[in-house]
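Q: Here is a sequence together with a model predicted from it:
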Amino acid sequence: MNEPIIFHGNNIDLLREMPENSVDSIVTDPPYELGFMGKKWDSTGIAYSVELWSECLRVLKHGGHLLAFSGSRTYHRMTVAIEDAGFEIRDQIMWVYGSGFPKSLDVSKAIDKQAGAERQVIGSRPLTGNGKTMKSGFHQPDGSGAGETIKQDVFEFTAPATDEAQQWSGWGTALKPAHEPIVMARKPLGEKTVAENVLRHGTGAINIDGCRVEASDSFGGGAKGTSGFADGYAHDGWVAGSSLGRFPANFIHDGLNEEWARFFYCAKASKAERNAGLEALPAQFAPTMKNGIGMKEHDPETATPKQNFHPTVKPIALMRYLVRMVTPPNGTVLDPFTGSGTTLVAAVLENFNSIGMEMTAEYMPIITGRLDWALNQNQQPDSLFDI
Ligand SMILES: C[S@@+](CC[C@H](N)C(=O)[O-])C[C@H]1O[C@@H](n2cnc3c(N)ncnc32)[C@H](O)[C@@H]1O
């Protein structure tokens, strides 16, 4: 494996400099185009650019796969652009988690506020973690109760003051976010069949056995012993007569529900994981919110300075699973939206070559620090961020 190659600059310009048919996979986390945390890079429309995805198609080998994350509200526009660029849309993987919180406007409270009516406080409860950063007027993380002014560590429950607010009590404007879709697309084959394409170009297939989900005892564990179908796979996803585990599904979860044990598990990235390798970097505060008010003012605890202050760091285990799924042995993974470098870290830990592109200068030291850490890791299967 070679050290990752990182380019600082605009990805469309950089991609144009790359030879065609030169990478084996593209695994990337483009902007969701929601203006997250007030970041300009998250609202340029680049994820919807057919030109960008056409360049990705050009540099990818025939039959090579593209995996790209998106937001639940913007996935469709990105996916159409990917399709219009010439990719075949093969699947949609869902990354499902329980840790999101709703940004739902409390309609009852908004009505009272508009009427200038003061609501009576009828109870309170302590707030922890992300719950402390909720804005006035929004529902709580668990979706319960009506939003009210949050005074530091306490959430106050209030009663509707006007008849209209009483009528609309319990109504909001948004659901709790619990999934992020990942489009799985493929550059059309260069040969007549997948078999020919795999033999000629090394691309066109996905690594099923490399991504099998270990079976737990509660699901029978070990070999299930089946008669199997002609392709060697049993109807419930077990390989015939083997203990390799369950067939990888287009669903990934954070493990909050035991019933999901049959699917690949991945929690959100921990603080330790995000900052690994960055001990020498100065800690900085998280980016400001869209309204220009610093996170620090909202919640001093969750807005402690961080070495890795990138706002959208993906878990290493998730990215390892995804790069392994679509990259052939000794292959090269490209991430044109590198961010803090998680895809490249994953590629290093999975022994792939990798190329990253990132236009925001302040993330470059984070990328290099994390990559140095990854390159120094011994490949213990039970290491902290392994899967
Ligand atoms: C969603 S973040 C990726 C986060 C990454 N998955 C991680 O774990 O850190 C998207 C990144 O793409 C970068 N970006 C946006 N537009 C770009 C462009 N045209 N060229 C290069 N980088 C770009 C942004 O600066 C941002 O860091």
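A: Structure's in. What do you need?
Q: Run the contact check for stretch 39-57 versus the ligand.
A: Yes. Using Cβ under 6 Å from any ligand atom, we find that stretch 39-57 touches the ligand at Trp41, Ile46. In short, each C-beta sits where N, CA and C put it, glycine included.
Q: Let me know the pLDDT of the residue of the stretch 201-350 of the chain found nearest the ligand.
A: Taking Cβ to the nearest ligand atom, the ligand has its nearest neighbour within the stretch 201-350 of the chain at Gly339, 2.4 Å off. Looking at Gly339, its pLDDT reads 98.
Q: residues touching the closest residue in space to it that isn't next to it in sequence, list them.
A: Excluding the flanking residues, the one nearest Gly339 by Cβ to Cβ, 6 or more residues apart in numbering is His310, at 5.3 Å. Contacts were defined as Cβ atoms under 8 Å, 6 or more residues apart in numbering; by that measure His310 touches Arg274, Gly339, Ser340, Tyr363, Ile366.
Q: among these, which are in strands?
A: Among the contacts of His310, no residue falls in strands (DSSP state E).
Q: Just send those back as a markdown table, with neighbour count too.
A: What follows is the contacts of His310, written out as a markdown table (neighbours: other Cβ atoms under 10 Å):
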| residue | neighbour count |
| --- | --- |
| Arg274 | 23 |
| Gly339 | 25 |
| Ser340 | 27 |
| Tyr363 | 19 |
| Ile366 | 27 |
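Q: Which residue ranges of the stretch 51-200 of the chain form strands?
A: Per DSSP state E, counting those that start in this stretch, the stretch 51-200 of the chain carries strands over the ranges 60-69, 88-96, 120-126, 154-159, 179-186.
Q: Just flag the most distant two among the contacts of His310.
A: Pairwise distances across these (Cβ to Cβ) peak at 12.3 Å, for the pair Arg274 and Tyr363.
Q: Mutual contacts of the two, please.
A: The contact sets of Arg274 and Tyr363 overlap at His310, Ser340 (Cβ under 8 Å, 6+ apart).
Q: now Asp164: how far from Pro188?
A: To be clear, residue 164 is Glu; Asp isn't right here. To Pro188, Glu164 is 57 Å away according to Cβ to Cβ, to the nearest Å.
Q: quick one: which of these two has more around it?
A: Taking other Cβ atoms under 10 Å, Glu164 and Pro188 do not tie; Glu164 has more neighbours (16 against 12).
Q: residues in contact with the closest residue to the more buried one other than its chain neighbours?
A: Once flanking residues are discounted, Glu164 sits nearest to Ile111: 5.0 Å by Cβ to Cβ, 6+ apart. Ile111 is in contact with Pro160, Thr162, Glu164, Ala165, Trp168, counting by Cβ under 8 Å, 6+ apart.
Q: Isn't the first one up against Lys113?
A: No. In this structure Pro160 lies outside contact range of Lys113 using Cβ atoms under 8 Å: 11.4 Å.
Q: if you count what's nearby, which of these two comes out ahead?
A: Neighbour totals were compared for Pro160 and Lys113, and Pro160 leads with 20 against 16 (other Cβ under 10 Å).
Q: ok, the most far-flung residue of the chain relative to its centre to Ile122 distance?
A: Centroid-distance maximum for the chain: Asp163 at 42.8 Å, with Cα atoms, centre = their mean. Distance, Asp163 to Ile122, by Cβ to Cβ: 17 Å.
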